[in-house]
Structure formats: C-alpha cells, structure tokens
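1. sequence first, predicted model second:
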Amino acid sequence: MVLHEVDNEFTIDCLLLAGRIMIESGAETYRVEDTMLRMAHSQNMLDAQCYATPTGIIFSLGKTQPTRIKSISNRVTDLQKIALVNSVSRRLTSHMITLEEAYDELKSIQKTNYFLPIYIQVISAALASGCFLIMFKGGWSDFLFACLAGGLGFLVLLLINDLTKVKFFSEFTASLVVGYIAVFSVKYGHGAEIDKIIISSVMPLVPGILITNAVRDLMAGHFISGMAKGVEAFLTAFAIGAAIAVTLSF
C-alpha cells in the first residue's frame, strides 16, 4: 500500500511538472488539462481529475489520493517548451518511454532556456517594426525610425521586466520610449508620419498570442481562464495606449 502511494506521488509530480511548464510557457488551459489527463490515463489513473487556470493547477485522483495544488506565478510565451512537452506526452501515452524517462526529460525542458540571445530578440523586434511600417503603407523615410523605436522599446521592455517583474510597468515604460522616439523624429524633421511609426513600433509589444489563447479558451468552455487571459491582454493594451497618450499629450 505504501509503495503504491509512493508511485502515485511520483506520477502526480510528473503530471504537475508537465502542466506547470505548459502554463508558464503560455499554453491554452484546455491543452494543459488534456495533456495531463492523457498522461494520467496512460498510467492507469482513469479517475484522474484536473482543473487548470493561468495561476494554478488542481489535480486529484479522487478518493485514493489527496488533492494536489500547484501555484503558477510567472508566465511567458515559449512555444518551443510547449511543443517539447507535447512530444513527451505523446511518447509516454504511446508507451515509447517510461514515466521516469518522461520526468527526466521534463526536468531538462524546465531548466533549459530556449529563448534567443537578447541582442537577436532586439534586432528581430526592430526589423519587424520596420516591416510593419511598410505593411501599413508607411514611407521608406520612416523605416529606420520605426526600427529604432521598436528595437529600443523592446529592449526597455526586457530590462524593466527583469528588474521589476511588473508586466504593466515594463510595457508602459517601453511604450513611452516608442512614443518619444516617434515624436522627436517627426518634430525635428526627420520622420514624416508619426502615427505609422508609433503603430508599427508597438506591434512587438502587442499580446497577440495571449489574445488568441483567451479566445480559444472561451470557445473551449473555459470561461474563467479565458476571462483571466482576456483581462491580462486588456491591461497590456491599456498600458500601451496610456503610454502613447501621455507621450502625445506632452
């Protein structure tokens, strides 16, 4: 009986680790629950129940085991980790790997940083901003200013978020930088269309994946998670809009 309980504890630890990685990486709530339940069923836990939100996971085996809760405090967008966890889940449910091997792989995934170096992220944000400018039918004369504003804004976002861990403040500050660069570039006669520069430069800050996941959770019937993610996306949009409004008002 004691050995059976220990095995269950290890299995639940593995399932909670998979769910935690997925939520922290920005996965949809219904995907997290589905993945955890499929892994549980592969271990003959047919009565398993899972309830996930953007801030925590509740997992239970019914009457045979105490309910376990895992709190989630940090969330980013890392599609690579989500794909890797899905791969581990598929191989486990197909009995291609053992639970111990799955747990080791999940621990490795959790510890590994799959993000590109900061300078590549900043360069990518800068080029994306310039490309958005052209897509929004802006002039080539504003291309460099859009790249500069988008790149510096994204760099400020990363730095402030690393220092304060407050998402709203980092997005607000980054948008201020974007706004002031756009205003000064036009004010001193170098830029032409301030609206196109601002719109294209804030695009790397827009929570597109978060909005998409909120809609997908709502469509899947996960109303609490969908509303929570929708509110988070709204706060991000509000931070960007408020910063630009402050910039233009002065």
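-> Done, it's in.
2. tell me which other helices or strands the top helix by length along the chain touches.
-> For the chain, the longest helix by residue count, based on DSSP state H, is helix 223-249. Helix 223-249 sits against strand 49-53, helix 167-187, helix 194-202, helix 208-219, with contacts defined as 3 or more CB pairs under 8 Å, 6 or more residues apart in numbering; DSSP states H and E. Where you see a C-beta, it was placed from the backbone N, CA and C, and this is true even at glycine.
3. please repeat the previous calculation with a cut-off of 10 Å.
-> helix 29-42, strand 49-53, helix 167-187, helix 194-202, helix 208-219 (3 or more CB pairs under 10 Å, 6 or more residues apart in numbering; DSSP states H and E).
4. that one - what's its average pLDDT?
-> For helix 223-249, mean pLDDT rounds to 89.
5. now do that helix against strand 49-53, angle only.
-> Counting by axes from the mean of the first three to the mean of the last three CA atoms, to 10 degrees, helix 223-249 points 10 degrees away from the direction of strand 49-53.
6. break this structure down into its domains, please.
-> Annotated domains of the chain cover 2-111, 118-249 [automatic domain parsing].
7. gap between the residue nearest to the spatial centre of the chain and residue 206?
-> The centre of the chain sits closest to residue 77, judged by CA atoms, centre = their mean, with a distance of 2.6 Å. Distance of residue 77 to residue 206, given as CB to CB, to the nearest Å: 12 Å.
8. for residue 216, same thing?
-> To residue 206, residue 216 is 17 Å away according to CB to CB.
9. what of residue 237?
-> For residue 237, the distance to residue 206 - CB to CB - is 7 Å.
10. which neighbours do those two share?
-> Jointly contacting residue 237 and residue 206 under the rule CB atoms under 10 Å, 6 or more residues apart in numbering are residue 171.
11. residue 148 belongs to a helix, doesn't it?
-> Yes: counting by DSSP: H, G, I helix; E, B strand; the rest coil, residue 148 is located in a helix.
12. so for the nearest residue to it once chain neighbours are set aside, what's the pLDDT?
-> Using CB to CB, 6 or more residues apart in numbering and skipping the chain neighbours, the partner closest in space to residue 148 is residue 181 (6.1 Å). With respect to pLDDT, residue 181 has a value of 91.
13. show the contacting residues for residue 181.
-> Residues in contact with residue 181 (CB under 10 Å, 6+ apart) are 145-146, 148-153, 191, 197-198, 201, 247.
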